[in-house]
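Visitor: Turn this into a model:
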Amino acid sequence: TLDNFNAALELKKKALIKAGTAYVPVRIPAQNMAKRLRENGKAYFTFVTSPNIEPTNNCAEQAIGFVVIYRRVTQVARSEKGRIACERFFTVVAICALQGRSTFDFIKEAFIRYFEGLPAPSLISASNSS
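Guide: Reported below is the predicted structural model:
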């Protein structure tokens, strides 16, 4: 039953967290993992009971992978202002791609609005704004 499953899962969670936080080697990576388990251990099991949550962060890694490669290859963002500009630009690129919007059209609209003294266009899609 669902109740039996949840009870068994809770026992396994506790056992795994206990195993990962007791008798931790002195090495820094082991200590860091133990700290993460103590602070967020239960959250690591969310994907088991929530089918819409992926057990990995592959989606997030894929979404920013091109940014990491671009930054390493070009070394364009050496200053704080450069890093901020790149973060904002790539945020626009990623969100427009997720929403199926044209990045070029969004940036063009942003420039037009800027020069007309109007507020910037929103990256929040109409379906997410409610």
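Visitor: in the protein, which spans are helices?
Guide: 2-21, 28-40, 46-49, 58-74, 80-99, 103-115 (DSSP state H).
Visitor: now those in JSON lines, with mean neighbour count?
Guide: The C-beta positions use only the backbone N, C-alpha and C, and glycine is treated the same way. JSON lines is the format used below for these (neighbours: other CB atoms under 10 Å):
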{"stretch": "helix 2-21", "mean neighbour count": "12"}
{"stretch": "helix 28-40", "mean neighbour count": "12"}
{"stretch": "helix 46-49", "mean neighbour count": "12"}
{"stretch": "helix 58-74", "mean neighbour count": "11"}
{"stretch": "helix 80-99", "mean neighbour count": "14"}
{"stretch": "helix 103-115", "mean neighbour count": "12"}
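Visitor: ok, residues contacting stretch 13-29?
Guide: 30-31, 33-34, 37-38, 41-42, 45 (CB atoms under 8 Å, 6 or more residues apart in numbering).
Visitor: Could you point out which of the residues you listed is nearest to F5?
Guide: F45 (12.1 Å; CB to CB).
Visitor: I'd say that closest one and L11 touch.
Guide: No: the pair F45 / L11 is not scored as a contact, 11.7 Å apart, by CB atoms under 8 Å.
Visitor: returning to what we had before: compile the contacts of stretch 13-29 into a markdown table and extend it with columns for pLDDT and distance to D3.
Guide: Formatted as a markdown table, the contacts of stretch 13-29 follow (pLDDT from 0 to 100; distance: CB to CB, whole Å):
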| residue | pLDDT | distance to D3 |
| --- | --- | --- |
| A30 | 91 | 35 |
| Q31 | 92 | 36 |
| M33 | 90 | 31 |
| A34 | 92 | 31 |
| L37 | 90 | 26 |
| R38 | 90 | 27 |
| G41 | 85 | 22 |
| K42 | 81 | 18 |
| F45 | 80 | 17 |
